[in-house]
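Novice: can you look at this prediction? I've put the sequence above it.
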Amino acid sequence: MKNLFGLIFLGYVNAYNLFSQMIYVQLEQIGEIQQFTFISKAKTHITVGNSYPDKIFEIQQNESVWIAFKDGEVLIKKGDQFIGLYPKVRLITDGEDPYFSILTNGKTYTYADNLIIKTNRSNLVLMNEVFIENYIAGVMAGEVGSKISPEFLKVQAVCSRTYVYRGLGKHRSEGFDMCDKVHCQAYKGVTIHQKKYQVACHETKNEIITSKDGKLIDAVFYANCGGATANSEDVWPNEVSYLRSVSDGAFCANSINTHWKKMIEKTEFLSSIGKYYSISASSYQFERDASGRIKYLLVNGKNEYKITGEQLRRMFGLKSARFSISSQGNYLYFIGKGFGHGVGMCQDGAYGRSEAGWRYDQIIKHYYKDVEIKPMEIQEFQKWKY
Ligand SMILES: [Zn+2]
Ligand SMILES: [Zn+2]
């Protein structure tokens, strides 16, 4: 545990967050729990209600308390010492490294800032009250993999922040802003590269991407475009002004995601595409979009039996809809390029550009057409509480 803290807690957060906004993230990935150990890296105030005057206990750095569900309330103990039983508590970290860990079922989850604990009928309900920049850092942890060049991280920070702003309100009726699952953006809390993510968030503070009509864009991305991105309407139903096909040259050509192959039995392929319209398939024909992806497959060559490239991708577990097929004996060989839907930003290409010296704003404007990047604060949050 100590080694982990040593790696993670590098003391970057507070200075950056002085004017930041907090959001409420319900922690659902941990699962249903009745008890856990809370370990704090910073001095932590245990409070009831919403403010400091209600402070009931203080935990010092690296100390822990045990928290459990009891008769519909939250029980807190420190060793054998009973601290209290309350309907709701809030643990507020204070200091240079405002981090804490939750230990439960043999696993450790680490987060920044504050923890709110409530109960439902039979379990504890945990919510991370977190500065938005720390939230974005925790989302980036699940999205950037090993790509940690500073400009690429800035690209990803601005995209994630734009996504967060767009998603606000999804859970408002339930009393929080975000869940920590893919539904809202998978949120990993504090991870090994926290400091690097925080720097990227700080250097793009409050920046979001808007389209030319001033609306937040849908900053979609995926692993690898295979050489060119797709027009939104060639993959999804709607034409979107900033989601245009652009060339990626060789910027994403040297990734493990660039080339793929798959073999499918001919009879299986024909019966699967026939099933889609409950007909008997004997032949197929492809239409491609401008970027080279399969736009449609026409079953038996007929326009009324269309299957989109994106549907084919899902149907057969293909990495992308950019592929060619050759027939050999009883098998079809799919030879493809790229990984993902192909609309918006190619992460491998964006990373390649960052390594080649492109600035984050140049990279964003390459993959999203005619957009603006500008700072915008979330005022709306102040209007409501959890
Ligand atoms: Zn959600
Ligand atoms: Zn690409």
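Specialist: Yep, that arrived. Ligands and ions are numbered 1, 2, ... in the order given.
Novice: make it CA atoms for all contacts and neighbour counts henceforth
Specialist: OK.
Novice: from ligand 1, how far out is the residue in the chain sticking out farthest from the centre?
Specialist: The outermost residue of the chain relative to its centre, with distances by Cα atoms, centre = their mean, is G329 at 42.6 Å. Note on G329: its distance to ligand 1, by Cα to the ion, to the nearest Å, is 47 Å.
Novice: phi, psi of that residue?
Specialist: With angles defined as degrees, to the nearest 10, G329 sits at phi 60, psi -130.
Novice: pLDDT at it, what is it?
Specialist: Note on G329: pLDDT of 94.
Novice: how much space between it and ligand 2?
Specialist: According to Cα to the ion, G329 and ligand 2 sit 33 Å apart.
Novice: E268 versus the residue of the chain found nearest ligand 2, what's the distance?
Specialist: When Cα to the ion is the measure, the chain has its nearest residue to ligand 2 at C225, with 3.9 Å between them. Distance of C225 to E268, computed by Cα to Cα, to the nearest Å: 27 Å.
Novice: quick one: low-confidence residue ranges for the stretch 101-250 of the chain.
Specialist: Within the stretch 101-250 of the chain, no range satisfies pLDDT under 70.
Novice: let's go with 90 and repeat that
Specialist: 145-148, 164-170, 172, 185, 206, 213-215 (pLDDT under 90).
Novice: and it, which residues reach ligand 2?
Specialist: 224-225, 248 (Cα under 5 Å from the ion).
Novice: for those residues, which one is nearest V139?
Specialist: N224 (19.5 Å; Cα to Cα).
Novice: torsion angles phi and psi at the closest one?
Specialist: Taking degrees, to the nearest 10 as the convention, N224 sits at phi -160, psi 130.
Novice: same question for the one 5 residues further on.
Specialist: As for T229, its main-chain torsions (degrees, to the nearest 10) stand at phi -80, psi 170.
Novice: burial count for it?
Specialist: Per other Cα atoms under 10 Å, the neighbour tally for T229 reads 26.
Novice: next, count neighbours for the nearest residue to the residue of the chain closest to ligand 2 once chain neighbours are set aside.
Specialist: Nearest residue to C225, sequence neighbours excluded (Cα to Cα, 6 or more residues apart in numbering): G338, at 4.7 Å. By other Cα under 10 Å, 29 other residues sit near G338.
Novice: residues touching G338, list them.
Specialist: By Cα atoms under 8 Å, 6 or more residues apart in numbering, the contact set of G338 is 223-227, 257-260, 319-320, 322.
Novice: looking at those, which are in helices?
Specialist: The members of those all map outside helices under DSSP state H.
Novice: which among those residues end up buried?
Specialist: The neighbour-count test (16 or more other Cα atoms under 10 Å) marks 223-227, 257-260, 319-320, 322 as buried among the contacts of G338.
Novice: got those as JSON lines, with distance to ligand 1 columns?
Specialist: Shown next, in JSON lines, are these (distance: Cα to the ion, whole Å):
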{"residue": "A223", "distance to ligand 1": "22"}
{"residue": "N224", "distance to ligand 1": "26"}
{"residue": "C225", "distance to ligand 1": "27"}
{"residue": "G226", "distance to ligand 1": "31"}
{"residue": "G227", "distance to ligand 1": "33"}
{"residue": "N257", "distance to ligand 1": "28"}
{"residue": "T258", "distance to ligand 1": "31"}
{"residue": "H259", "distance to ligand 1": "33"}
{"residue": "W260", "distance to ligand 1": "32"}
{"residue": "K319", "distance to ligand 1": "26"}
{"residue": "S320", "distance to ligand 1": "26"}
{"residue": "R322", "distance to ligand 1": "31"}
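Novice: among those residues, which are located in strands?
Specialist: Among the buried ones among the contacts of G338, the ones falling in strands (DSSP state E) are 259-260.
Novice: now, among the buried ones among the contacts of G338, which is nearest to K118?
Specialist: Within the set of those, A223 lies nearest K118; the separation is 38.0 Å, counting by Cα to Cα.
Novice: tell me the one of the residues of the stretch 101-250 of the chain next to ligand 2 nearest S291?
Specialist: Distances from those to S291 were compared by Cα to Cα; the smallest belongs to C225, at 9.5 Å.
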